[in-house]
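> Build me a model:
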Amino acid sequence: MSKPLSKVILYTDGACSGNPGPGGWGALLIWNGKEKELSGGEPDTTNNRMEMQAVIEGLKALNRRCHVQIHSDSALIINAFTKGWIVSWLKNGWKKSDKKPVENRDLWEEMIREAERHHVEWIKVKGHSDNELNNRVDRLAVEARLRA
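Next up is the predicted model:
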C-alpha cells in the first residue's frame, strides 16, 4: 500500500512594471505548519511570464511527489489547466482557437512538466483583495521586481 501524498499549499504571484519591463515573482510554500518564501525577478519580462515562473519555481522546490493546492490570481494559468486549454493547445500544435501561437510556450511546457510530477489542484483567488497569503506573495513579487 502506498503512502499518502504530503499536502502542500502553494500561493504564487507575479508583478511587472511596464509589461514588458522589470518583473518579479513570489511563491509561498506551506507544508505541515512550515512556510518557505521564494522570489526572483528579471530585468525585461512580462506579467504573465512572472505569474508562470512563480508556479514553476514553487513546484520545482518540492523534492518529492506531493498533493499541491496551487492558489493563483492569474485567470490565464488557472483556466489553462481547469478549462482544458492546455489539452487543446497540445492537440492543435500549440495554437490557440484563433490559430495564433500560444505565447510563452517555453514556460507552459516547463509548468506542465513540473505539474505532472505532483497531484495538483488549481485554485483561483481574487487578486489585490483581503486574501492575506495572496497579498503576501504579491509583496514578494513586487520586491523582487524592484531588485530586477
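> Extract the CA atoms of the one helix or strand Val55 maps to and return them as CSV.
If you go by DSSP states H and E, Val55 is part of helix 47-60. Provided in CSV are the C-alpha atoms of helix 47-60 (Å, rounded to 0.1, in the frame of the first residue of the first chain):
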residue,chain,number,x,y,z
ASN,A,47,3.5,39.9,-16.0
ASN,A,48,2.3,36.6,-17.5
ARG,A,49,5.8,35.2,-17.6
MET,A,50,6.3,36.2,-13.9
GLU,A,51,3.0,34.6,-12.9
MET,A,52,4.1,31.4,-14.7
GLN,A,53,7.6,31.5,-13.2
ALA,A,54,6.2,31.7,-9.7
VAL,A,55,4.2,28.4,-10.2
ILE,A,56,7.2,26.7,-11.8
GLU,A,57,9.7,27.7,-9.1
GLY,A,58,7.2,26.7,-6.3
LEU,A,59,6.7,23.3,-7.9
LYS,A,60,10.5,22.9,-8.5
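> So which residues make contact with that helix?
With contact meaning Cβ atoms under 8 Å, 6 or more residues apart in numbering, helix 47-60 is reached by 10, 12-16, 19, 23-29, 38, 40-42, 68, 70, 72, 74, 76-77, 103-104, 107-108, 110-111, 114-115, 117-118, 137, 141, 145. For every residue, glycine as well, the C-beta is placed using N, CA and C.
> And the helix or strand just after it, what does it pack against?
Sequence order places strand 66-72 as the next helix or strand after helix 47-60, per DSSP H and E. If you count contacts as 3 or more Cβ pairs under 8 Å, 6 or more residues apart in numbering; DSSP states H and E, strand 66-72 packs onto strand 6-16, helix 47-60, strand 119-124.
> Is His71 bridged to anything, and to what?
Tyr11, Ile123 (DSSP bridges).
> Distance check, it against Gly127.
Distance, His71 to Gly127, using Cβ to Cβ, to the nearest Å: 11 Å.
> okay, and the common contacts of the two?
Counting by Cβ under 8 Å, 6+ apart, the residues touching both His71 and Gly127 are Asn134.
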